[in-house]
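Novice: Can you look at this prediction? I've put the sequence above it.
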Amino acid sequence: MSAVADTSKLTWLNRRAYPFAPHHMMGEGGRLHYIDEGSGSPIVFLHGSPTWSFMFRNVIREMSRDYRCVALDHIGFGLSDKPTDFSYSPANHCRNLTKLIGELGLKDITLVMHDFGGPVGLSYALDHLDNVKRIVLSNTWMWDLSKDPAAQKVGKVASNGMGKFMYLNTCVAPKLIKPLFCDRTKYTDDVHAAYFGPFEPKEDRVGTYCMAKHLLESGAWYSEIWAQREALMQKQMLLLWGLKDPTFGEKSLNKVWHEFPLVDVHSFDDTGHFLYEEKPREIVAALRAFMTAPVKTTGYIA
């Protein structure tokens, strides 16, 4: 089912910063890399683009003391395979997530989702409501983005020839990470290397390009999630949000909060899109409180 992989030759990865044993399994598109740390109630971490499981490292180091923490790298990202002939649709990423959870035998899971990880994980949750106990959303979305100005800008750039050239030839995607930090001191050399390293080979950049296109191209798929959002009300939910995020910031938080008014919320007014890099201690505290809190409803659709 899975195999331990050798990552010792990745000179760009600081193994002290990311000390976890790597594992692989076969998924759609190739070998899927994941980490599996600790024991107890399972927490599954889902990253977006152009990040990978490295983003959750500080939170996983602490939470794995008491919980089983699983974090995958979507195909095309991190230490997973990066095929050139894969669609990279969020629906395909969800199928890989479903296979991983099934093969690892994870039950009553908590989903922690950021960016593209949100719709991917929520699609799984809606199809497996009996296997998802808690939901944690961070700077993400669950609706069609065709009328969102920030998504339109990225999607339109990626859909033309110049945009494709930029994504594939100038490694533009990881260059967008640092500007979305508020506290730039957290953007260290190790962080820079970890986000650029997976895309050093030109042929390994297809995933970031395709995911940018799917901001708009998968609008109908996102709309299906939004239409079923009422089903998520039976789950415990936590919103962790960086309010200075120009992409999925306060406006996105308020849209989710409006639909789930009784949900627990921890927002950070001095934090950007990558809050797991900027606020790991605060996030660990919020997650620990959430994991042990009495079960309660998330609210109603207004």
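Specialist: Received the coordinates, thanks. Residues are numbered from 1 along each chain as shown.
Novice: could you pull out the helices for this protein?
Specialist: Using DSSP state H, the helices of the chain run over 57-63, 90-104, 117-127, 149-158, 161-169, 172-175, 189-196, 206-217, 219-227, 250-259, 275-278, 280-292.
Novice: what stretches of the protein score poorly on pLDDT?
Specialist: 1-8, 297, 299-302 (pLDDT under 70).
Novice: Just want the most central residue of it.
Specialist: Most central in the chain under C-alpha atoms, centre = their mean is residue 47, positioned 1.9 Å from the mean C-alpha point.
Novice: could you list every residue that touches it?
Specialist: By C-beta atoms under 8 Å, 6 or more residues apart in numbering, the residues touching residue 47 are 53, 55, 56, 71, 73, 74, 77, 78, 114, 115, 116, 117. Yep, even glycine has a C-beta here, placed from its N, CA and C like the rest.
Novice: what's the neighbour count on the last one?
Specialist: Other residues within reach of residue 117, judged by other C-beta atoms under 10 Å, total 29.
Novice: do you know how far the nearest residue to it once chain neighbours are set aside is from residue 156?
Specialist: Sequence neighbours aside, residue 46 is the residue nearest to residue 117 in space, at 3.1 Å (criterion: C-beta to C-beta, 6 or more residues apart in numbering). As defined by C-beta to C-beta, to the nearest Å, residue 46 lies at a distance of 26 Å from residue 156.
Novice: what does residue 243 give?
Specialist: 26 Å.
Novice: ok, now residue 294?
Specialist: 46 Å.
Novice: For the two, indicate the residue with more neighbours.
Specialist: More crowded of residue 294 and residue 156, by other C-beta under 10 Å: residue 156, with 14 against 5.
Novice: What count of nearby residues applies to the closest residue to residue 125 other than its chain neighbours?
Specialist: Setting aside the residues directly before and after it, residue 125 is nearest to residue 132 in space (C-beta to C-beta, 6+ apart), at 4.4 Å. Other residues within reach of residue 132 by the criterion other C-beta under 10 Å amount to 23.
Novice: for residue 99, same thing?
Specialist: Residue 99: 15 neighbours (other C-beta under 10 Å).
Novice: for the closest residue to it other than its chain neighbours, what are its contacts?
Specialist: Once flanking residues are discounted, residue 99 sits nearest to residue 27: 5.7 Å by C-beta to C-beta, 6+ apart. By C-beta under 8 Å, 6+ apart, the contact set of residue 27 is 75, 95, 96, 99, 100.
Novice: Now for the nearest residue to residue 106 once chain neighbours are set aside: which residues touch it?
Specialist: Nearest non-adjacent residue to residue 106, counting by C-beta to C-beta, 6+ apart: residue 42, 4.5 Å away. Counting by C-beta under 8 Å, 6+ apart, residue 42 touches 67, 68, 69, 70, 106, 107, 108, 109, 110.
Novice: picking that back up, what separates the residue nearest to residue 125 from residue 71, distance-wise?
Specialist: 16 Å.
Novice: Spit out the contact partners of the residue nearest to residue 125.
Specialist: Contacts of residue 132 (C-beta under 8 Å, 6+ apart): 108, 109, 110, 111, 124, 125, 235.
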